[in-house]
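> from the sequence below, what's the structure:
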Amino acid sequence: MKNDAVFTPETIETRCIAIIAKSKLIPEERVTRASTFDELEIDSLDKINISFEIEDTFNIQIPDDSINSLKTVGDIVDGVIRLQHETASQPVTAKP
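You can find the predicted model right below:
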């Protein structure tokens, strides 16, 4: 699936921070790229819920095996940037 919306790295970071802050009911100012999930008290269930929200927001698919390797907000931002780029560069194929 081709993703028509391409977000800037700054927009991706801002939206990811907003999603994480909202999910944990904390101020966005408390969340930075360097914030670890331990510091933000994000557990494995939180990671799954956050990943669903991020997938919906950016129209991407986060591989299930990648979720456990995420340790910081920066990991999410970098992953979204990479997946956004990969999705945007995929050719659109005609359906029969």
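> excluding sequence neighbours, find me the nearest residue to residue 13.
Closest residue to residue 13 apart from its sequence neighbours, by C-beta to C-beta, 6 or more residues apart in numbering: residue 77 at 4.8 Å. Just so you know, the C-beta spots here come from the backbone N, C-alpha and C atoms, and that holds for glycine as well.
> so what's that neighbour up against?
Applying C-beta atoms under 8 Å, 6 or more residues apart in numbering, one finds that residue 77 lies in contact with 9, 12, 13, 16, 33.
> neighbour-wise, give me the winner out of those.
residue 16 (25 neighbours; other C-beta atoms under 10 Å).
> check contacts around that residue.
54, 73, 76, 77, 80.
> which one of the residues you listed is nearest to residue 28?
residue 73 (10.9 Å; C-beta to C-beta).
> and residue 79, how many neighbours?
21.
> in which helix or strand does it reside?
Residue 79 is part of helix 73-88 when elements are defined by DSSP states H and E.
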